[in-house]
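[1] Here's my sequence, what's the structure:
(chains A and B)
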Amino acid sequence: AQKITQTQPGMFVQEKEAVTLDCTYDTSDPSYGLFWYKQPSSGEMIFLIYQGSYDQQNATEGRYSLNFQKARKSANLVISASQLGDSAMYFCAMREGHYGQNFVFGPGTRLSVLP
Amino acid sequence: SQTIHQWPATLVQPVGSPLSLECTVEGTSNPNLYWYRQAAGRGLQLLFYSVGIGQISSEVPQNLSASRPQDRQFILSSKKLLLSDSGFYLCAWSGQGEKLFFGSGTQLSVL
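    Numbers count the residues shown, from 1 in each chain, chains lettered A, B, ... in the order given. As a prediction, the model looks like this:
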């Protein structure tokens, strides 16, 4: 079964607007970590934001915030004030266990920012 | 600071030829090491990970193998490449409970 689901293969957003990229996950482990990575056309994987399963507050990193709804098992990425440079693939990932070694990635969402 | 080196950046190989991709990490000790493969426009598929020298866990049975001869060195190999081995290969490392740090990737084309 899919452990990470990203239901939006592609998204469009107007420059300067906010956009939400969806991610749902499946785990029975009470301790886990959720990550978002950005992959521009160059192929490099850029870490954006992290949310631990026991974190009480939603994570924020600059223009990125993670809308963590534990009961729904969702960890949506919110990008505020979109910029043209935000156009890329975005991957949601999960690490199970506090020191788990296995990172599982979702299929990704391709975000296109329109001028 | 920690850095990860992965090479080559691009590789074109004929079907049936061998493969060796190397990845090294600097600035940390006893990292967890990973090989991922990404088909064009798709997500990342975990191939192998290692928590220590000589310790390799395989996630997907295939004609690829991995080895970790030194603490900070991770090698992906194949004796005979298949067309289906084409893709973008990413090496990564993590510390205990930390995020993944990725190398710059190798674009492999098997013809």
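[2] My read is that residue B:13 contacts residue B:111, right?
    Yes. Here residue B:13 reaches residue B:111: they are 7.4 Å apart, a contact under CB atoms under 8 Å. For glycine as for every other residue, the C-beta is placed from the backbone atoms N, C-alpha and C.
[3] Name the residue in those two with the higher neighbour count.
    Neighbours per residue (other CB atoms under 10 Å in any protein chain shown) separate residue B:13 from residue B:111, with residue B:13 holding more: 16 against 10.
[4] if I pick the more buried one, what's in contact with it?
    Residues in contact with residue B:13 (CB atoms under 8 Å, 6 or more residues apart in numbering or on different chains) are B:19, B:81, B:108-111.
[5] List the beta-bridge partners for it.
    Beta-bridge partners for residue B:13, by DSSP bridges, are residue B:110.
[6] Please name every helix or strand in contact with the one helix or strand residue B:68 maps to.
    Residue B:68 belongs to strand B:64-70 when elements are defined using DSSP states H and E. In terms of contacts (3 or more CB pairs under 8 Å, 6 or more residues apart in numbering or on different chains; DSSP states H and E), strand B:64-70 is packed against strand B:44-52, strand B:55-58, strand B:73-78.
[7] if you set the cut-off to 6 Å instead, what comes out?
    Judged by 3 or more CB pairs under 6 Å, 6 or more residues apart in numbering or on different chains; DSSP states H and E, strand B:64-70 is in contact with strand B:73-78.
[8] Tell me which residues are up against the strand it packs on.
    Counting by CB atoms under 6 Å, 6 or more residues apart in numbering or on different chains, strand B:73-78 makes contact with B:19-24, B:33, B:35, B:63-68, all of which sit outside it.
[9] can you pick the most crowded of those?
    Taking other CB under 10 Å as the neighbour criterion, residue B:33 ranks highest of the contacts of strand B:73-78 with 28 neighbours.
[10] in the sheet, who's paired with it?
    residue B:50, residue B:93.
[11] Next: residue B:22.
    Listed by DSSP bridges, the beta-bridge partners for residue B:22 are residue B:7, residue B:75.
[12] sec struct for the most centrally placed residue in chain B, please.
    Residue closest to the mean C-alpha point of chain B, counted by CA atoms, centre = their mean, is residue B:35 at 3.2 Å. Secondary structure of residue B:35, reduced to three states by DSSP: H, G, I helix; E, B strand; the rest coil: strand.
[13] what's the pLDDT at it?
    If you check residue B:35, the pLDDT there is 95.
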